[in-house]
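My questions are about this predicted structure, shown below with the sequence.
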Amino acid sequence: MKLRVEGLTFAYEQKKILDNLDFSVEEGAFVSILGPSGSGKSTILKLLTGVLKPEKGEILVDGQKIGGLSSQFAYMPQNDLLFPWKTILDNVCLYGEIHGSLKEMRREAREHLAEFGLAGYEDCYPSQLSGGMRQRAAFLRTALCRADILLLDEPFGALDVITRGEMQDWLLNMRKKLNRTVVLVTHDMDEAIYLSDRILILNQSPARIVDEIAIEERQRNREWLYGQGAMRREIYGRIMDYVDIK
Amino acid sequence: MKKYIPRLAPVLLILILLLIWQAGVELFHVPLYVLPSPLQVIRALAEELPTLISHGGVTVAEALVGMAISLVLAVFLGIVMDCFPLVRQGLYPVLVVTQTVPMIVMAPILIIYMGFGAAPKILTVVLMCFFPVAVSFSDGLAQVDEEYVNLVRSYGAGRIQAYRLVKIPASVPPLLSGLKVAATYSISGAVVGEWIGATQGLGYYLLRVKNSYMLDRVFACVAVIILLSLGMNGLIRLYQYQAFPYMRRKANAQRF
Ligand SMILES: Nc1ncnc2c1ncn2[C@@H]1O[C@H](COP(=O)(O)OP(=O)(O)OP(=O)(O)O)[C@@H](O)[C@H]1O
Ligand SMILES: [Mg+2]
């Protein structure tokens, strides 16, 4: 589905975080929001899901205005936030439990465990899994939501470089299978270049989209990524243009 | 073998102390009404076992009922305080103040109001057990990571579902810690209630044998109270182990 955000404005108490934010995401696209730490990336996703209320502005999905908590989005928060008291299978089926379709979702989840690298771990607790497996479980939980737009908040932020790379490769593969609109929030430039069709560059306090970079490449791999020096320089320059040197 | 040594250490220490005690009593011919020897206590325990069991049963029943009431009240009040911060701000200090009133003063007053039946004893247990359970559960609720609540809310859960899915299960570990403390107190609570006025129970038995200067039986009864208190604590641990397998590893790391 197509997502459009118009004039989104938000403040925590006195501190203005977002000022008149505009952007849109085409149906089926993978769009990254890239910005420095503390710029308000997580805040944008929380506003989209309705966990926070905007001061001003509109969120439109397929032209329909949505307000408050919305079922259009599947939200994956910054930490994996798996429930320590639930088994992996039950964690992954959270959406089904909330909407009274736990049984069917369990069946569906079992079919996907293998491709998420979780086969055989359905009865384990999150504390028995590695960080990368927990992230994949959190991702499967998000993917099982009956929602057309995935909102991923630094899904691999808490991982070491190697696991992070593996997870990015894995997500690149999953993209085709998922076949959904994705908004990914990250502060990792390579991650954004590697995975997305378009990168929105966010500047700091209050945040606005200062630039967009489209990436056409269809055949992506690590080699391709390492050759993107010019793009990295450009993005870095755009971010630095707006960072005040105090 | 090495890993058993820390566990055996307290047992060994107690055995040594008992030996010194036994030797001291025999050496100085201490009379029974001053201090019985461990062997005399064991003998009294064996002789009085049927009586102690029947009185113990009464005390355990009062303790269990008191615990159950404390648990229900604490969970209910914990949720109310969490829903309405104003209630929490008003009630929390009052709860703390109630804990500063000595139980030995409260118990006779309760008997004046409620008579000599089981009710004032159960209430004594509740007054002693409710606080640790309520405080640990309510602090647990207050410390739940808001992000979990946001997550289930974004998945379409309502406020009540958020309690069922996140807040209450997340507060189970602190609740169980509170219950362990309360369980250990519960037998003493019932005994205090019985001590003030009763016709059965370990507290009643204790008072009777104390007044007859049968100190061996007093000590035997105290031993039973200790065992029962540890047993109550063990019961909660067993329940935790059985019902919450995800906490098992943590339980190993932190043993009390
Ligand atoms: N609950 C809150 N109350 C007040 N201020 C907050 C709160 N949450 C976030 N902020 C502020 O809002 C700003 C944006 O926060 P946000 O979490 O959206 O940043 P972010 O871009 O996601 O950062 P990161 O990359 O570190 O996750 C930060 O400056 C932060 O200090
Ligand atoms: Mg963030």
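Arrived safely, thanks for sending. Numbers count the residues shown, from 1 in each chain, chains lettered A, B, ... in the order given. Ligands and ions are numbered 1, 2, ... in the order given.

residue contacts, residue 175?
Using chain A here. A:30, A:182, A:195 (C-beta atoms under 8 Å, 6 or more residues apart in numbering or on different chains). C-beta here means a position set from N, CA and C on the backbone, and glycine is covered the same way.

um, chain B though
B:74-75, B:133, B:136-137, B:140.

Contacting chain A as well, which ones from those?
When contact is defined as C-beta under 8 Å from any C-beta of the partner chain, the contacts of residue B:175 do not meet chain A at all.

So which bits of the helix or strand hosting residue B:112 are buried?
Per DSSP states H and E: residue B:112 is located in helix B:103-114. Within helix B:103-114, the residues that count as buried by 16 or more other C-beta atoms under 10 Å in any protein chain shown are B:103, B:106-107, B:110-111.

right, and the secondary structure at residue A:57 would be what?
The three-state label given to residue A:57 by DSSP: H, G, I helix; E, B strand; the rest coil is strand.

pretty sure it is in contact with residue A:20, am I right?
Yes - the pair residue A:57 / residue A:20 is scored as a contact, 7.4 Å apart, by C-beta atoms under 8 Å.

and for the two, which residues touch both?
Counting by C-beta under 8 Å, 6+ apart, the shared contacts of residue A:57 and residue A:20 are A:7-9.

out of those, which are buried?
A:8-9.

From the shared contacts of residue A:57 and residue A:20, pick the one nearest residue B:95.
Of all the shared contacts of residue A:57 and residue A:20, residue A:9 has the smallest distance to residue B:95: 43.0 Å, by C-beta to C-beta.

now the helix or strand containing the closest one: mean pLDDT?
For residue A:9, the element it lies in under DSSP H and E is strand A:3-12. Across strand A:3-12, pLDDT averages out at 91.

before we move on, the earlier item: what does the helix holding residue B:112 rub up against?
Under the contact criterion C-beta under 8 Å, 6+ apart, helix B:103-114 has outside partners B:120, B:123-124, B:127-128, B:189, B:192-193, B:195-197.

thinking again about what came up before, return the closest of the shared contacts of residue A:57 and residue A:20 with respect to residue A:123.
For these, the residue nearest residue A:123 by C-beta to C-beta is residue A:8; the value is 42.2 Å.

so what's that closest one up against?
Residues in contact with residue A:8 (C-beta under 8 Å, 6+ apart) are A:18, A:20-22, A:44, A:47, A:54, A:56-59.

Would you show me how to pick out the buried ones of these in ChimeraX?
Only the buried entries of the contacts of residue A:8 go into this ChimeraX selection, using 16+ other C-beta under 10 Å:
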select /A:18,21,44,47,54,57,59
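
Distance to residue A:140 and pLDDT for the contacts of residue A:8 - can I get that in a markdown table?
Conversion of those to a markdown table gives the following (distance: C-beta to C-beta, whole Å; pLDDT from 0 to 100):
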| residue | distance to residue A:140 | pLDDT |
| --- | --- | --- |
| A:18 | 30 | 90 |
| A:20 | 36 | 88 |
| A:21 | 30 | 89 |
| A:22 | 32 | 91 |
| A:44 | 24 | 93 |
| A:47 | 25 | 92 |
| A:54 | 30 | 91 |
| A:56 | 36 | 89 |
| A:57 | 32 | 90 |
| A:58 | 32 | 90 |
| A:59 | 26 | 91 |
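
Which of the contacts of residue A:8 lies at the shortest distance from ligand 1?
When the contacts of residue A:8 are ranked by distance to ligand 1 (C-beta to the nearest ligand atom), residue A:44 comes first, at 7.0 Å.

Determine the longest helix present in the chain.
Let's take chain A. Under DSSP state H, the helix in chain A containing the largest number of residues is helix A:161-178.

think we crossed wires, I meant chain B
Determined from DSSP H, the single longest helix within chain B is helix B:38-83.

hmm, back to that, next SSE after the helix holding residue B:112?
Downstream of helix B:103-114 (by DSSP H and E), the next one is helix B:118-142.

That following helix - what's its average pLDDT?
92.

how about whichever helix or strand comes after that helix, does it reach chain A?
Once helix B:118-142 ends, the next helix or strand along the chain (criterion: DSSP H and E) is helix B:146-154. Yes - judged by C-beta under 8 Å from any C-beta, helix B:146-154 comes into contact with chain A at B:147-148, B:150-154.

residues in contact with the next helix or strand after helix B:146-154?
Downstream of helix B:146-154, the next assigned helix or strand under DSSP H and E is helix B:159-162. With C-beta under 8 Å, 6+ apart as the test, helix B:159-162 has contacts from A:98, B:149, B:152-153.

And those residues, which two are furthest apart?
A:98 and B:149 (12.7 Å).

At the contact with chain A, which residues of the stretch 151-256 of chain B appear?
Counting by C-beta under 8 Å from any C-beta, the stretch 151-256 of chain B sits next to chain A at B:151-157, B:161, B:165-166, B:169-170, B:172, B:244-246, B:249.
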